[in-house]
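>>> Coordinates only, no sequence provided:
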């Protein structure tokens, strides 16, 4: 992928606390004597594409689970879409979308059946589901695949469909956990076009990725090392600070300092 085709050229992104869709203050998660996430603090604005990076063992998966209302913090506080992640986890879940490299789609259902199923799970009305299904199929160019079983779709197509499912109910935030793993550069490019379109509509994208070229496409990036956020800034500023040609060089400089290797 060519960075200049995707770079949004936002040299400075100022976070207005009043508009923050995610607020985290000293969020910590411990398992016995092991602290997986160590007092992290940050805010994310509405419509922002926020890269949440870290090597295996850094703690990003544990942190994301807390933000999604799936795991209670040991200490600290966090709000997502205005809801407390510890006290109001069900409200958090209603206001977010989620997609991982391991798809939540049902392979033995047709494309349209997956969309209708998840629309129902999200509590949408039947006529709303039908209209939204037709719109998504048109926007994805999947109209001829309406009755195709999902298991018959190429991997890149599955990912685009899975992303569309994750934002089908128009959530305030979508969490994307390694969403482009295993697909070719062309499919990754198309996927990021969908992310940009979602962000422009006001949906915040919270993205983890191992592809450092994708970090370049985020408005801001945080990098975790051993449970702590060690840097948080725009890609341009981070490259300047670390005298790096790209985000991969920034990441490597920081990842070398990591002491633990267990998946976090």
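That came through, no problem. Keep in mind that this is a model prediction, so the values were computed, not measured.

>>> Doesn't residue 52 belong to a strand?
Yes: assessed by DSSP: H, G, I helix; E, B strand; the rest coil, residue 52 belongs to a strand.

>>> Now it. Nearest residue, chain neighbours left out?
The shortest distance from residue 52 to any non-neighbouring residue, by CB to CB, 6 or more residues apart in numbering, is to residue 208 (5.1 Å). For the C-beta atoms, the positions are set from N, CA and C on the backbone; glycine is no exception.

>>> Equivalent analysis for residue 232, please.
residue 222 (4.2 Å).

>>> Let me know whether that neighbour touches residue 234 as I believe.
No: counting by CB atoms under 8 Å, residue 222 sits too far from residue 234 to count as a contact (11.2 Å).

>>> who has more neighbours, these two?
residue 222 (21 against 16; other CB atoms under 10 Å).

>>> neighbours around the residue nearest to residue 52, how many?
Quick note: residue 208 (other CB under 10 Å) scores 23 neighbours.

>>> mind checking pLDDT for it?
According to the prediction, residue 208 has pLDDT 92.

>>> so where's this protein uncertain?
1-18, 103, 260-264 (pLDDT under 70).

>>> The stretch 51-200 of the chain: helices as residue ranges?
60-67, 89-94, 111-121, 126-140, 155-166, 185-200 (DSSP state H, counting those that start in this stretch).

>>> how about a markdown table for those, with distance to residue 19 added?
Listed next are the helices of the stretch 51-200 of the chain as a markdown table, based on distance: least, CB to CB, whole Å:
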| stretch | distance to residue 19 |
| --- | --- |
| helix 60-67 | 18 |
| helix 89-94 | 18 |
| helix 111-121 | 28 |
| helix 126-140 | 27 |
| helix 155-166 | 23 |
| helix 185-200 | 14 |
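
>>> roughly how far apart are the residue nearest to residue 52 and residue 112?
As for residue 208, its distance to residue 112 is 30 Å (criterion: CB to CB, to the nearest Å).

>>> Please apply the same query to residue 144.
Taken as CB to CB, the span from residue 144 to residue 112 is 12 Å.

>>> if you count what's nearby, which of these two comes out ahead?
Set residue 144 next to residue 112 and count neighbours by other CB under 10 Å: residue 112 wins out with 19 against 8.

>>> wait, what's in contact with the more buried one?
133, 137, 146-147 (CB atoms under 8 Å, 6 or more residues apart in numbering).

>>> May I ask which two of those are separated the most?
For the contacts of residue 112, the farthest-apart pair by CB to CB is 133 and 147; their separation is 12.2 Å.

>>> Between those two, tell me which one has more neighbours.
Taking neighbours as other CB under 10 Å, residue 133 and residue 147 compare with residue 133 leading, 20 against 9.

>>> and the nearest residue to the more buried one once chain neighbours are set aside, how many neighbours does it have?
In space, and not counting its chain neighbours, residue 133 is closest to residue 115: 4.5 Å by CB to CB, 6+ apart. Residue 115: 25 surrounding residues under other CB under 10 Å.

>>> likewise residue 32?
With other CB under 10 Å as criterion, residue 32 counts 5.

>>> try residue 242
Neighbour number of residue 242 under other CB under 10 Å is 16.

>>> try residue 238
23.

>>> swap in residue 107?
Residue 107 - counted by other CB under 10 Å - has 12 other residues nearby.

>>> same deal with residue 227?
25.

>>> I'd say it and residue 36 touch.
Yes: under the criterion of CB under 8 Å, residue 227 makes contact with residue 36 at 5.8 Å.

>>> just to revisit the earlier point, for the helices of the stretch 51-200 of the chain, which one sits closest to residue 257?
Using CB to CB, those put helix 60-67 closest to residue 257, at 15.7 Å.

>>> out of the helices of the stretch 51-200 of the chain, deepest packed?
Of all the helices of the stretch 51-200 of the chain, helix 60-67 has the most neighbours on average by mean count of other CB atoms under 10 Å, namely a mean of 23.
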